[in-house]
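Novice: need a structure here:
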Amino acid sequence: MLVSKMKRLLVLLCCATASFQLWGGPAVTAVEDLRVNGLVEPLGVEGKPVFSWMITSTVINTLQRSWEITITEAGRKVFTYRGNGAESTGVTVPYPFAPGVRYGWTVKVTDNHRLSSKPVSSSFVMGLGENWKARWIGVSGRTPEDRPSPVWFRRQFTPSRGVKSAYACISAHGIFEAQIGGVKVGDDYLAPGWTSYLNRLQYRMYDVTDLLKSGRQDEIRVTVAPGWWGSGMNWQKPHKRYRYGDDIALLLQLEITYTDGSRETLCTGHDWETSKTGPVTFATIYDGQDFDYTQPFDWQPSQVLGGGTETLVPSIAEGVKPLAVLKPLSLLVSPKGEYILDFGQNIVGWERVRLSGPAGKEVIISHAEVLDKEGNFYTSNLRKARAQTHIFLDGKSRVYEPSLTFYGFRYLRVEGLDTAPDLRDFEAVAISSAFEETGSFACSNPLINQLQSNICWGFRDNFVDIPTDCPQRDERLGWTGDAQVFFRTASWNGDVANFFRKWLADLAAEQKPGGGVPRTIPDVYPQTTSHDFAAGWADSAVLIPWRHYQAFGDLSILAAQYPSMKAWVDACLANAPGYLLNHVNQPFGDWLFYSKKDDRKGVSAVTSRSLIAQCFFAASLDIVAKTAALLGRDYESRQYADACKLAKEAFMNEYVTPAGLVSSDTQTAYVLALHFDLLPENLREQAARRLADNVARYDDHITTGFLGTPYICEELSRYGHSDVAWRLLLQETCPSWLYPVKMGATTIWERWDSMGPDGSIPENGMNSFNHYSYGAIGDWLYRWAGGVREIDPGYRTFVVDPHPGGGLTWLETSHKTPYGMIRVKWTADGEQLKSIDVEVPVGCIAVITCPDGAFRRVGSGHYHF
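Specialist: Alright, predicted model coming up:
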């Protein structure tokens, strides 16, 4: 049985391995990918820097035995720190790092074969800490009725001597773009990002040394648009703008060190100028951006505002940057006679367009994800979001790039030109948070490959500083449940460690005093409490930190989030008499499950919301118990473990018959009961058979919603029904993963039936064509079809146990772990594995299921079986 097979794999992990064998070339051990706080050469580090590196070796079964870190300042060695052991992540150095200083660091290692690496160097810059001297300047007194236009700030200055280094630290009430001497500062956009602004406002640090020249008069100019601060981020009219504050404001501090050793600090204050007018006349997140270069600047002395720097925190995650630039594939003329550009891919970002024409002429560019059944431009699903760029020409040829907002689109409609648009004048700039791509997947089935492409595009499109539900309509919010169901797929495909560390800090900051968790983070409805106990949504406070730890192996995320995790389960316990959580409002349930209108046959897959709540309640208790144990909180661990046991007993008494039928008898009911181990072992295989039978009753169609979808194929495979999982995956009619692919989708849809087979689009008020939740099937593709599953956190030990099927003849997948790259490629004949190639990173152990059925435990290296 498969479960027994997995137990045998675990036994193998306990066996010892030692070998010295070259797999290619001379014996060499090397160090690479040096990082501080998970970033390459970061600026603005505060607190204790955390060091990590990766090791490569041409010798199999290599382990680090010792390491040495040397810290330098201005090229001078100031500290050396040595350690023994295999750990190459999460290393701290007991040195008093000073604010605002650039430090170099060098690491070299020695391995278990007595090979030493050459030293490799990198650097980082400490943040300002408490050394802020700048003052907030800006425009206050804005109301929701005021036109949401940007504000411009400037100051002239002349460096008097040669510049050795210069760092600009910038924050804003709004989103900013800065220039020095007309050159953009940094390569990120939408800074400083969206956080729980009243609790945590980020600043970003930039190295601007190369932008300053001795004796040359320069101008710092900063544009601050309303952004998330002032746009009114909710999906109900009226959009309440400026709910964080009635101002648009800037905080900037420029620290200059001259070649003679002297220093100068330039700060925002009374000696700056402000203009309320300029070439951008409108900019919000939902509605877009307007240009009019005939509008002059009106520079006036800046107003110094109140407010301090107590809530300022450094940006710990990667900024939002261009991901790709796309050219239009074709120019279409719709049945209505409109000019439409097709870029061939649903993206998030903006257009870059060159236009010229008579002054005062207006050109309107609209954005859409799809065309309707007749081939016309379709924007009904944007709801109240205008999502347009309005350009008032000034008689000159200009390039317009609306980077103070973002759109979700594949198609552009261009109105106002006297002739047809020239495709050469248009580009689409796709943006995303700029974390590293860490996963890949390909196989012999082109439809599955397109599904993987859709998963990855939807992932990058919706990870724009926060994990949004959708990027196009009047929503674009950090829905907790959506992030939770997709986390494992996200953490395979991208290094989202810092991205989610930032977001989870906001979750903890926004958590209600009683422990409830808002439905969106940041919380756009802080006065609303009716959604604070939403099962699967609020449980993100527990599930995401735990999965983060499993994916990246960093215990500090659990230490940081434990108070939030504990507060959530304590809130549940306080509302669960008899350990049954069925007395609180459950607004979502298995969101967007398969259902039929006028369902007289009763085929809609309705799962009890109370049952779902009990599943997640028990799961969260179990995780908090394990977390407490890892953190050395043994008494609390025992408390929560006992509570979890009682919650599981309550589940059995309330929702499971003696014969093993789970209440609701839906795919989701069995999936959650199995995934969270709520059933006794003697009922689990029976439940898995009931699940497989349910899939058969729906003719191999999926019926789960957001909460059941991530785990259905996993539980089928875990209990020996991978053939059913493959049939679900390969189903091409609705509802299924491949139905949208067959319909030409380039991202994941919000609904199984977002579009009918004839191209018709239901007018249901909520229909995104770029919504990553159902893309959680990616996790099964990598972990079960590909076979790579972590045993120890961070993949320090892992299994490679593929489940071939679906007619695939080959599959390959890779994942960059904190220790290095795992690569797997297999070939198969039907469900029989023919060959497998595996690459294991230095410091890791893998147990591989081989084509002959044997298990082989190996250390680092390349292997073929």
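
Novice: What ranges does the stretch 151-300 of the chain have for its strands?
Specialist: Along the stretch 151-300 of the chain, the segments classed as strands by DSSP state E, counting those that start in this stretch run 151-157, 163-173, 175-180, 183-184, 201-207, 218-225, 248-258, 263-267, 273-275, 280-284, 288-292, 300-301.

Novice: so which of those gets nearest residue 749?
Specialist: strand 288-292 (23.6 Å; Cβ to Cβ). For glycine as for every other residue, the C-beta is placed from the backbone atoms N, C-alpha and C.

Novice: Pairing partners for the closest one, with directions?
Specialist: strand 280-284 (antiparallel), strand 388-392 (parallel) (DSSP bridges).

Novice: closest one to residue 652 among the ones you listed?
Specialist: strand 280-284 (51.1 Å).

Novice: That closest one vs strand 175-180, what angle?
Specialist: If you take axes from the mean of the first three to the mean of the last three Cα atoms, to 10 degrees, strand 280-284 sits at 140 degrees to strand 175-180.

Novice: Show me how far strand 280-284 is from its chain's centre.
Specialist: 27 Å (Cα atoms, centre = their mean, to the nearest Å).

Novice: How about residues contacting it?
Specialist: The contact list for strand 280-284, computed with Cβ atoms under 8 Å, 6 or more residues apart in numbering, reads 147-150, 223, 225-226, 230-232, 241, 288-292, 295, 390, 402, 404-405.

Novice: got the buried residues for stretch 453-465?
Specialist: The neighbour-count check on stretch 453-465 (16 or more other Cβ atoms under 10 Å) flags 453-465 as buried.

Novice: sorry, that was for stretch 554-567
Specialist: For stretch 554-567, by 16+ other Cβ under 10 Å, it's 554, 557, 558, 560, 561, 562, 564, 565, 566, 567.

Novice: Could I get these in TSV, plus columns for pLDDT and secondary structure?
Specialist: Formatted as TSV, the buried residues of stretch 554-567 follow (pLDDT from 0 to 100; DSSP: H, G, I helix; E, B strand; the rest coil):
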residue	pLDDT	secondary structure
554	97	coil
557	98	helix
558	98	helix
560	98	helix
561	98	helix
562	98	helix
564	98	helix
565	98	helix
566	98	helix
567	98	helix
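
Novice: of those residues, closest to residue 510?
Specialist: Nearest member of these to residue 510, counting by Cβ to Cβ, is residue 564, at 9.8 Å.

Novice: For the closest one, which non-adjacent residue is spatially closest?
Specialist: residue 508 (4.0 Å; Cβ to Cβ, 6 or more residues apart in numbering).

Novice: about what we covered before: pull out the buried members of the contacts of strand 280-284.
Specialist: Among the contacts of strand 280-284, those that count as buried by neighbour count (16+ other Cβ under 10 Å) are 148-150, 223, 225-226, 230-232, 241, 288-292, 295, 390, 402, 404-405.

Novice: The strands of the stretch 151-300 of the chain: which one's closest to residue 142?
Specialist: Short answer: strand 248-258, nearest of these by Cβ to Cβ, at 6.8 Å.

Novice: Sheet-wise, list the partners of the closest one with their directions.
Specialist: If you go by DSSP bridges, strand 248-258 pairs up with strand 137-139 (antiparallel), strand 163-173 (antiparallel), strand 263-267 (antiparallel).

Novice: Restricted to helices, list the buried residues of stretch 453-465.
Specialist: Per DSSP state H, helices hold the following members of the buried residues of stretch 453-465: 453, 454, 455, 456, 457, 458, 459, 460, 461, 462.

Novice: Tell me the confidence at the first one?
Specialist: The reference is to residue 453. For residue 453, the model assigns a pLDDT of 98.

Novice: for the fourth one, same thing?
Specialist: Each residue has a pLDDT score; the one for residue 456 is 98.

Novice: ok now do it, which residues does it touch?
Specialist: Per Cβ under 8 Å, 6+ apart, neighbours of residue 456: residue 493.

Novice: i'd like the first residue to be 210 from this point on
Specialist: Shifting the count to begin at 210 puts that one at residue 665.

Novice: From residue 1021, how far off is it?
Specialist: 15 Å (Cβ to Cβ, to the nearest Å).

Novice: Residue ranges in the chain under the pLDDT threshold?
Specialist: Scanning the chain for pLDDT under 70 picks out 210-233, 445-448.

Novice: Next SSE downstream of the longest strand anywhere in it?
Specialist: The longest strand of the chain (DSSP state E) is strand 548-564. Using DSSP states H and E, the helix or strand that follows strand 548-564 in sequence is strand 571-577.

Novice: rewinding a little: among the strands paired with strand 457-467, which is nearest residue 621?
Specialist: strand 372-382 (29.1 Å).

Novice: That closest one versus strand 360-366: what angle between them?
Specialist: 160 degrees.

Novice: roughly how far out does strand 372-382 sit from the chain middle?
Specialist: Using Cα atoms, centre = their mean, the offset of strand 372-382 from its chain centre is 27 Å.

Novice: Check stretch 832-845 too.
Specialist: With Cα atoms, centre = their mean as the basis, stretch 832-845 stands 27 Å off its chain's centre.

Novice: likewise stretch 890-900?
Specialist: Per Cα atoms, centre = their mean, the centroid offset for stretch 890-900 relative to its chain is 34 Å.

Novice: how about the CA coordinates for it, as PDB?
Specialist: What follows is stretch 890-900, C-alpha atoms only, in PDB (Å, rounded to 0.1, in the frame of the first residue of the first chain):
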ATOM      1  CA  GLU A 890      -6.400   5.300  10.300                       C
ATOM      2  CA  ASN A 891      -8.900   2.500   9.900                       C
ATOM      3  CA  LEU A 892     -11.300   4.900   8.000                       C
ATOM      4  CA  ARG A 893      -8.800   6.800   5.800                       C
ATOM      5  CA  GLU A 894      -8.500   4.300   3.000                       C
ATOM      6  CA  GLN A 895     -12.200   3.900   2.900                       C
ATOM      7  CA  ALA A 896     -12.600   7.700   2.800                       C
ATOM      8  CA  ALA A 897     -10.100   7.900  -0.100                       C
ATOM      9  CA  ARG A 898     -12.200   5.300  -2.000                       C
ATOM     10  CA  ARG A 899     -15.300   7.300  -1.400                       C
ATOM     11  CA  LEU A 900     -13.500  10.300  -2.700                       C
END
